[in-house]
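[1] for reference, the sequence and a predicted model appear below.
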Amino acid sequence: MAIQLYDSLERKLKPLAPSHADGVIRFYNCGPTVYAPAHIGNFRTFVINDVLRRLLELEFGAGKVKHVRNLTDVDDRTISQAQREKHPLGEITKKWTAKFHADCDALNCLRPHVEPTATGHIPEQVSMIECLMEKGNAYRAADGSVYFKIDSFPGYGALSRIKERELKVTNTVADADHKDSVSDFALWKAYKPEEDGDVKWPGTAGASEGRPGWHIECSAMIKKHLGETIDLHTGGVDLLFPHHENEIAQSQCCNGTTFARHWYHSEHLLVEGTTMSKSKGNYYTLSDLVEKGYSPMAVRYALLMGHPRKQLNFMLDSLHAAESALANLRAYRASLAPVTTAHDAFAPVFAALEDDLNTPGALGALFTIINRKEGPADAAAFDRVMFALGLDLNQAAPPKAETPKEITALAEKRWAAKQAKDFAAADALRKELSAAGWSMLDRKDGYSLEPLKK
Ligand SMILES: [Zn+2]
């Protein structure tokens, strides 16, 4: 048994193994920015990383994995949210950190072993910036900010394969005047009273008072909590450039050694076939889905239904499928005798997970085994599978919402009108349904009804 994971840097599947003498896998996952509730696209990444963490624990031993995930509690977004709400930054970030933790708990994600905050690591970030200035990889700009000099690191772009020309286009920003090159990125941002309010820290040797740039926090916290070289660095694909590229540049230039031996990126989430946005009405937080009557465990299950390295099209319909899959798993678990056998009937499930974290393959293999209904039933082996997938079958299934008879009748009428291609009538009936507080989702072979969010 060995876990093979695609490495985004080397562009190939590679076995995952510890590199330090103590045998501990050093695992870092970029965490949330705590200024608003995380949406289900964010949670896709955190759930995938949770399965990865669980698999690593099963493979190498629970004490042989050190998982660190940060909280970004100072950046442009957190500061402007604090100003909008007219509350101190620390109050805002504390509130949203608590919400993030509650959502993670509901989704049965294990807490990381260390959860460092950016504001709790200012001296570590300052000392890394000083290190980069001493080595000639960073410079102070006229306004007192400090920038990383991309030209000083020949390896820049290896992860994203971004070419220099594209880089310059990507990084055209307002404060370009202060930089030597438009592609250079901020390590430290000089204090701007009109934007930053009271958020500032004393400057470094070369910089004015201000605050750290976003990228430096991960490099500094990784160095402190995991060391100069880590075994696995993960995040959503949206972080690959520029965030992870910049982390590599900062860490490798300061530490003079390999930063991360393995990079794993999970893909984007689409909702109902399109990118999530508030204006399209397909933007969901976990609370939105719970309000609609779905269980967090069904959300977790649905997030595992697609391969982590492929875009996942999240549909409310898949939550129905997830609820019934969970009901089947509960019934199966109840039928198992508490015996342990030498033969692990669920080996194919683990084989799928070990093969690039193929979660849909694992779920498929699981149901093939369950439906075959053969061999000695082994509760311990089954529980191990549930642990790996993080499916907590004791979490209560949601009560079934009753659909009123008149709503079902309207829906039936609308479906018939649509089948008869009377689109005007179908449209009118849809409006009637939504005025009554229900939305109708059409599939090829039928429809489902959802109470509209209040
Ligand atoms: Zn990061």
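    Arrived safely.

[2] skip ahead from the lowest-mean-pLDDT helix or strand in the chain and say which helix or strand is next.
    Scoring the helices and strands of the chain by mean pLDDT, DSSP states H and E places helix 164-170 at the bottom, with a mean of 63. Counting by DSSP states H and E, the next helix or strand C-terminal to helix 164-170 is strand 185-190.

[3] residue numbers of this protein in contact with the ion?
    Taking C-beta under 5 Å from the ion as the measure of proximity, the chain contacts the ion at 30, 218. Where you see a C-beta, it was placed from the backbone N, CA and C, and this is true even at glycine.

[4] mind splitting the chain into its structural domains?
    Domain assignment for the chain by automatic domain parsing gives 4-266, 277-389, 405-451.

[5] packed most tightly, which of the ones you listed would that be?
    Ranked by mean neighbour count under mean count of other C-beta atoms under 10 Å, the domains of the chain are led by domain 4-266, which reaches a mean of 19.

[6] how long is it end to end?
    15 Å (C-alpha to C-alpha, to the nearest Å).

[7] sorry, back to before: among the domains of the chain, which gets the worst mean confidence?
    Ranked by mean pLDDT, these bottom out at domain 405-451, with a mean of 86.

[8] ends of that domain, how far apart?
    Start-to-end, domain 405-451 (C-alpha to C-alpha) is 14 Å.

[9] what segments of the stretch 351-454 of the chain are strands?
    438-442, 447-451 (DSSP state E, counting those that start in this stretch).

[10] and of those strands, who's closest to His67?
    Closest approach to His67 among these is made by strand 447-451 (36.1 Å; C-beta to C-beta).

[11] and the closest one, which strands flank it?
    strand 438-442 (antiparallel) (DSSP bridges).

[12] dump the C-alpha coordinates for the partner strand into PDB.
    This file holds the C-alpha atoms of strand 438-442, laid out as PDB (Å, rounded to 0.1, in the frame of the first residue of the first chain):
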ATOM      1  CA  TRP A 438     -41.100  26.700  -4.100                       C
ATOM      2  CA  SER A 439     -38.600  26.200  -6.900                       C
ATOM      3  CA  MET A 440     -38.800  23.400  -9.400                       C
ATOM      4  CA  LEU A 441     -35.600  21.800 -10.700                       C
ATOM      5  CA  ASP A 442     -35.900  20.100 -14.000                       C
END
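
[13] centre of the chain to it, how far?
    29 Å (C-alpha atoms, centre = their mean, to the nearest Å).

[14] list of residues touching it?
    Contacting residues not belonging to strand 438-442 are listed as 315-317, 403, 407, 411, 414, 418, 430, 433, 447-452 [C-beta atoms under 8 Å, 6 or more residues apart in numbering].

[15] list just the nearest of those to the ion.
    Met315 (30.1 Å; C-beta to the ion).

[16] just checking, the closest one touches Thr274?
    No. Using C-beta atoms under 8 Å, Met315 is not in contact with Thr274; the gap is 11.2 Å.

[17] gap between stretch 446-454 and the chain center?
    On C-alpha atoms, centre = their mean, the centre of stretch 446-454 falls 27 Å from the chain's centre.

[18] actually, stretch 411-429.
    Put simply, stretch 411-429 sits 40 Å off its chain's centre (C-alpha atoms, centre = their mean).

[19] same check, this time on stretch 296-309
    On C-alpha atoms, centre = their mean, the centre of stretch 296-309 falls 12 Å from the chain's centre.

[20] ends of it, what's the gap?
    Where stretch 296-309 begins and where it ends lie 22 Å apart, using C-alpha to C-alpha.

[21] and if you look at stretch 232-241?
    Stretch 232-241: ends 17 Å apart by C-alpha to C-alpha.

[22] columns distance to Ala396 on top of the domains of the chain, output as TSV?
    Converted to TSV, the domains of the chain look like this (distance: least, C-beta to C-beta, whole Å):
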stretch	distance to Ala396
domain 4-266	11
domain 277-389	7
domain 405-451	19
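
[23] for Gln311, give me its contacts.
    267-270.

[24] which of those residues tops the neighbour count?
    Leu269 (22 neighbours; other C-beta atoms under 10 Å).

[25] and the nearest residue to that one once chain neighbours are set aside, what does it touch?
    Closest residue in space to Leu269, ignoring its immediate chain neighbours: Gly41 at 4.0 Å, by C-beta to C-beta, 6 or more residues apart in numbering. With contact set as C-beta under 8 Å, 6+ apart, Gly41 has these partners: 236, 268-269, 271, 276.

[26] perfect, that will be all.
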